[in-house]
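>>> Sequence below, structure please.
(3 chains)
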Amino acid sequence: MAAVEKSEPENNFALALREAFYAGLLSFGLFFLFVGLETTQNIRNELILVQRWGLLATLVALVMVVRFVFVAFILPAAERRKAHKAASNVVAEPNFVSRNFSKLAIAFLVIFPAIAITLSGLQGSLKWIDNFGIQILIYVMLAWGLNIVVGLAGLLDLGYVAFYAVGAYSYALLGHYFGLSFWILLPMAGILAAFWGVILGFPVLRLRGDYLAIVTLAFGEIIRLVLINWREVTNGAAGISGIPKISFFGLFTFNVSDPNYIAKVFDLPTSSVYYKIFLYYLILALCLLTAYVTIRLRRMPIGRAWEALREDEIACRSLGINTTTTKLTAFSIGAMFAGFAGSFFAARQGFVSPESFIFIESAIILAIVVLGGMGSLIGIAIAAAVMIGGTELLRELQFLKVVFGPDFTPELYRMLLFGLAMVVVMLWKPRGFVGSREPTAFLHERKTVSASFTKEGHG
Amino acid sequence: MQYFIQQLVNGLTLGAIYGLIAIGYTMVYGIVGMINFAHGDIFMVGAFVALIVFLILTSVFAGINVVLFLLIMMVVAMVMTSLYNWTIEKVAYRPLRGSFRLAPLITAIGMSIVLSNFVQVTQGPRNKPIPPLITEVYNVGGISISLKQLVIVVVTALLLAVFWYLVNKTALGRAQRACEQDRKMASLLGIDVDKTISITFIMGAALAAVAGTLYLMYYGVVSFSDGFVPGVKAFTAAVLGGIGSLPGAVIGGVLIGLIESLWSAYFSIDYKDVAAFSILAIVLIFLPSGILGRPEVEKV
Amino acid sequence: MNTSVSGMNEPILKVEHLSMKFGGLVAIGDLSFEARRGEITALIGPNGAGKTTVFNCITGFYKPTEGMITLTSKDGTQYLLERLPGHDINKRAKVARTFQNIRLFSGMTVLENLLVAQHNKLMKASGFTIMGLLGIGGYKAAANESIELAKFWLDKADLTSRADDPAGSLPYGDQRRLEIARAMCTMPELLCLDEPAAGLNPRESLALNTLLNDIKDTTGTSILLIEHDMSVVMQISDHVVVLEYGRKISDGDPSFVKSDPRVIAAYLGVEDEEVEDVLVQVGDEEVIEQLDGEPDPAHGPGASSSFMAGPISDTIGHSDPDGEVMRVSPGASKAAQVDALSKRAASAPAKASKPASKSAGSARSTKASKSTTGLSISNKLSTPRGGKPDDLLLIKGIGPINKRKLNEHGIYHFDQIAAWKHADIAAVEAYLEFDGRIAREDWIGQAKQLAAKSAKPAKRGSTK
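Numbers count the residues shown, from 1 in each chain, chains lettered A, B, ... in the order given. Next up, the predicted model:
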């Protein structure tokens, strides 16, 4: 026994070395042309090649080292942990944090602006509240909305951004032409988006899974292209600007020039932070509304029908459920929340342009839903925080300039790392962070259903 | 009339490129049932490899031997994209080849993002132009057909014939069709399923590389973001023709190319993509499996 | 066809002239039967008989090519099931079903599965969700009621202890019972069960029987079930309908069906020796070719067909959608064979039941063939040399029937075949109704080799 164990690490190292070598070879082949050579334009604007063999060598070496470490240390550790978990029959008692996670999280989110202000001062907190807080919460709301379509009902929608755009543009246009306040326009945008959900959904919802995906993708693109080209109405690629800020129910506003500007009313120093804080709580409220509605709907027959639809559509039909109307409701309610998010987005930005509604946004939202664990609100929220927050954090890593030189802009790598993260997380947890489902009714006790039983729907 | 035929020629050329990319989508979907979102970016990578090889060749050799250069560009692009696709399949798709369908889709989207951003980061975000390689234009009865277009159509037709032969007449094609129908059974009968799937990915990548080289030759410029739109259009073409069907992919590609060029010629260039996508939606509403697709009968 | 004497129940389900064709394939041909209210009706038959196809037509998953399926509900309303959209068959006509491959909502708990079944009732109670969302209206009461109903059926199906487990984690037998309980939660009038006992061990089958009888007695729900397990069928059914290759071959109470020779033949087949007779009667073209007989068009399923029938021979044509029916090897239907047999037994006097192959062959062929022209082979013998014919079966292509025929016509030895000339070959082929087969399979060559191998000196001058 001892002899076998002793030879294991040696075998492991040999294996790791071999793996590292192959990885190096492979990465050399892959990176040779793209990293080793660079196409730039010289003074005469012709394209020439610049050699960067040093960079190539570093990259290949890096890959080899990473692969070596992975095979030699990380893999065996993971194996050991798995074996250990399988051997011991003790199920870890959920500790205080995991049991009350959602309550704690909500509490944290409510006091977050206060924390940010105390830590970075009034102006310093602006970045945290706006770029992190509001940005993440917008994606959370969008992902929770898409969750109804993809996570609960199992309908693969790749064009969700279309409803986001409908919400944003209807807010912008209606506000522009009719000057209605945000509080009226918000529900209107939602209703318009839901209406579009029905129109778009009706002809296509009988398509099977992957066909539904491509048609929804096509619709998303169609909406974007119409927005770009229908210049008379949407002002084309330039977008619509000058969208007024939201006022606090008419009591006081956030425009510095207004007589009832908040700073004047409350005798505070002028700052743009107030608006951001207001927006933050607004989006937080909208998110909580989305969560509330989702949780309630799951307990209603319609929500159960959505999940049953995802599990087995034919069985649903045999139980008397009208699958067409069930799909349509999921589609349109999901669209409605996207509409809400869109109008918020327009109010926050002050302008809308088709650039914000490209396919990659739909893909990001879908990725957040899947990475989080379909149907799980908490998992999705965590996924949004990690993915969006993580990539935003890259902007903060200015200290890396010290390492890589002043020309190094981490933002460039933002999307690259985002994509890599998508791949890595999917490989690690194919069912998402939260691999389980909470049942909506129980006789004796509420037992969590592992994701290995849930189906993912065929549209 | 001449104008119409001119548009047909343009559309056919464009459609040939789409068709080449669409075959890769449809072959992969047929055999593993996943939409390889990264395929459009593989096409772009192929175009970029062709570009870099061209620059290498022009810096090494004094003159430009068009035929030889194109051939070398194409071959090297095919090798490189095959390597990329093989790696991607092995690393990102094979571990997820199970029942959960959405996971490989997300990794595919992730890979697409990785590929396009990788090229952007390593090569810069600007457009990369090259001097035109083929400039002859023929005038046939008032219609100008450039040699470029002829080359594209001929190469595509040739490759189609080769692939048709491969799929229908060789053991490899038989193995592929067996894996499409019933993977477990195929492996029980001794077919190396992993290898067959890898080869399918490689074949798709090679075709995309040819499409990329032809694209570079045709338009003379390529950029890192050029993978998305042709990729989506090619995927649309594959679905339109009936996903899983090789001739369907080509028919779909040609259809999309024709719709694009005819619409931009007769209506407006702005909405040509809208036309293509709308046609897709309309066709799917009436023919839910695409034009040549086999309707899936769900066993109750 | 005996009718059941179990009572004067009126029919709840009437299937009339049901036909289901998939392109050129006829899966069900002109099927008519009735299921009576409050009874358990079983639909049985060998594999490929079309039973699940019948189910799928009744429950709206296929649109039948022809025919009417009428459901009469308790209050007298009649529903034409082939016209209703899929979900209405359960919602309005109150027909529920289970599936051959269990279709549970595996990611939902057992209880949730039963609650989904009560969807329509709960939707109404929640005011189509709106009122329920706002907390007004009688949703809460309805929700509690539905849980009570679920508990009732959980108890009946003996699943109460697993109510909160995911349905996918249940053992197979439990999953089957859960599917039945779920179907019952839709308060159906007709419950269609597709092989409910498949994969159950005898103890579980017994439990299933108890459950089904319980359902029949306490809820008054009529049951229509497909089954292969005869213990279930015979013990609990009131009425049995037997299908074979898409056609009904028997209809009656279990004891009648059990002893119906057509049913026995369908399941167990027909005695070997009599197969050929019957096949000829029935119109099997391959056998006729070999025996030189002629089909009796009055018999046999020549007009009925199923693509699954028997050996697929060259006699299969292809049908076009305009209604030409696909013809298959007509000898396939065993029930028809039995019919033909009994007809023959009734009409013709008894013959030797175990004929020795040769003499019976000649007797049979004389009887069966209408055109027995003598084979004009140049070298035929009247008896085998030395009374010992060569084993002509050694020649590939000569089966027992052909051997018999050849023997009848004086060909007993390899060297005879080896010496056949063109005229001989042509004559033999015409007689045996081959087409170049002798040349293809090279009987002459084989015969020459075998003759040489046996190294028997030629007894008499066997060739010209």
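
>>> contacts and neighbour counts: CA atoms only from here.
Noted.

>>> can you map out the strands along the chain?
With no chain named, the answer covers chain A. Assigned by DSSP state E, chain A shows strands spanning A:37-41, A:47-51, A:436-437, A:449-450.

>>> My question was about chain C, not that one.
Using DSSP E, strands in chain C cover C:11-22, C:25-36, C:40-44, C:66-72, C:78-80, C:95-97, C:190-194, C:222-226, C:239-244, C:247-252.

>>> and the stretch 101-250 of chain B, which residues reach chain A?
Residues of the stretch 101-250 of chain B lying near chain A by Cα under 8 Å from any Cα of the partner chain: B:101-104, B:106-114, B:117-119, B:121-124, B:128-130, B:236, B:239.

>>> Could you export the strands of chain C as CSV, including mean neighbour count?
Shown next, in CSV, are the strands of chain C (neighbours: other Cα atoms under 10 Å in any protein chain shown):
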stretch, mean neighbour count
strand C:11-22, 19
strand C:25-36, 21
strand C:40-44, 26
strand C:66-72, 21
strand C:78-80, 16
strand C:95-97, 28
strand C:190-194, 25
strand C:222-226, 26
strand C:239-244, 25
strand C:247-252, 22
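
>>> Looking at these, spot the one closest to chain B.
Nearest to chain B, of all these, is strand C:190-194, at 10.4 Å by Cα to the nearest Cα.

>>> now that closest one and strand C:66-72, what's the angle there?
Strand C:190-194 and strand C:66-72 meet at an angle of 130 degrees, taking axes from the mean of the first three to the mean of the last three Cα atoms, to 10 degrees as the criterion.

>>> outside of strand C:190-194, which residues touch it?
Here strand C:190-194 makes contact (Cα atoms under 8 Å, 6 or more residues apart in numbering or on different chains) with C:12, C:52, C:55, C:94-100, C:180, C:183-184, C:221-227.

>>> mind redoing it with 7 Å?
C:94-100, C:221-226 (Cα atoms under 7 Å, 6 or more residues apart in numbering or on different chains).

>>> before we move on, what about stretch C:61-70?
C:13-21, C:56-58, C:78-82, C:86.

>>> In helices, which of the residues of the stretch 101-250 of chain B next to chain A fall?
Mapping those onto helices (DSSP state H) picks out B:102-104, B:106-114, B:117-119, B:121-123, B:236, B:239.

>>> Distance of residue B:56 relative to chain C?
Using Cα to the nearest Cα, to the nearest Å, we find residue B:56 at a distance of 57 Å from chain C.

>>> Any buried residues in the stretch of helix or strand that residue belongs to, and which?
If you go by DSSP states H and E, residue B:56 is part of helix B:39-60. If you call a residue buried by 16 or more other Cα atoms under 10 Å in any protein chain shown, then helix B:39-60 has these buried ones: B:39-55, B:57.

>>> from the chain's centre, how far out does that helix sit?
15 Å (Cα atoms, centre = their mean, to the nearest Å).

>>> swap in stretch A:306-318?
With Cα atoms, centre = their mean, you get 27 Å for stretch A:306-318.

>>> now swap in stretch C:170-178 and tell me
28 Å.

>>> With just CA atoms, put the helix holding residue B:56 into PDB.
Output of helix B:39-60 as PDB, limited to C-alpha atoms (Å, rounded to 0.1, in the frame of the first residue of the first chain):
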ATOM      1  CA  HIS B  39     -18.500  28.500 -36.100                       C
ATOM      2  CA  GLY B  40     -18.900  32.000 -37.500                       C
ATOM      3  CA  ASP B  41     -15.800  33.100 -35.700                       C
ATOM      4  CA  ILE B  42     -13.900  30.100 -36.900                       C
ATOM      5  CA  PHE B  43     -14.700  31.400 -40.400                       C
ATOM      6  CA  MET B  44     -13.300  34.800 -39.300                       C
ATOM      7  CA  VAL B  45     -10.200  33.100 -37.900                       C
ATOM      8  CA  GLY B  46      -9.800  31.300 -41.300                       C
ATOM      9  CA  ALA B  47      -9.900  34.700 -43.100                       C
ATOM     10  CA  PHE B  48      -7.400  36.100 -40.700                       C
ATOM     11  CA  VAL B  49      -5.000  33.200 -41.100                       C
ATOM     12  CA  ALA B  50      -5.300  33.700 -44.900                       C
ATOM     13  CA  LEU B  51      -4.500  37.300 -44.400                       C
ATOM     14  CA  ILE B  52      -1.400  36.600 -42.200                       C
ATOM     15  CA  VAL B  53      -0.200  33.900 -44.600                       C
ATOM     16  CA  PHE B  54      -0.600  36.300 -47.500                       C
ATOM     17  CA  LEU B  55       1.500  38.900 -45.700                       C
ATOM     18  CA  ILE B  56       4.200  36.300 -44.900                       C
ATOM     19  CA  LEU B  57       4.200  35.200 -48.600                       C
ATOM     20  CA  THR B  58       4.400  38.700 -49.900                       C
ATOM     21  CA  SER B  59       7.300  39.500 -47.600                       C
ATOM     22  CA  VAL B  60       9.200  36.400 -48.500                       C
END
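
>>> Check which residues of the helix or strand following that helix are buried.
Using DSSP H and E, the helix or strand that follows helix B:39-60 in sequence is helix B:66-88. For helix B:66-88, a neighbour-count test (16+ other Cα under 10 Å) marks B:69-70, B:72-88 as buried.

>>> before we move on, back to that, switch the strands of chain C over to JSON lines; also include mean pLDDT.
Output for the strands of chain C, formatted as JSON lines (pLDDT from 0 to 100):
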{"stretch": "strand C:11-22", "mean pLDDT": "89"}
{"stretch": "strand C:25-36", "mean pLDDT": "88"}
{"stretch": "strand C:40-44", "mean pLDDT": "92"}
{"stretch": "strand C:66-72", "mean pLDDT": "91"}
{"stretch": "strand C:78-80", "mean pLDDT": "90"}
{"stretch": "strand C:95-97", "mean pLDDT": "92"}
{"stretch": "strand C:190-194", "mean pLDDT": "93"}
{"stretch": "strand C:222-226", "mean pLDDT": "93"}
{"stretch": "strand C:239-244", "mean pLDDT": "90"}
{"stretch": "strand C:247-252", "mean pLDDT": "89"}
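
>>> For those strands, give me CSV that also has distance to residue A:105.
Formatted as CSV, the strands of chain C follow (distance: least, Cα to Cα, whole Å):
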stretch, distance to residue A:105
strand C:11-22, 58
strand C:25-36, 60
strand C:40-44, 57
strand C:66-72, 56
strand C:78-80, 55
strand C:95-97, 45
strand C:190-194, 49
strand C:222-226, 53
strand C:239-244, 63
strand C:247-252, 66
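
>>> quick one: which of those strands is nearest residue A:386?
Closest to residue A:386 of these, according to Cα to Cα: strand C:95-97, at 45.9 Å.
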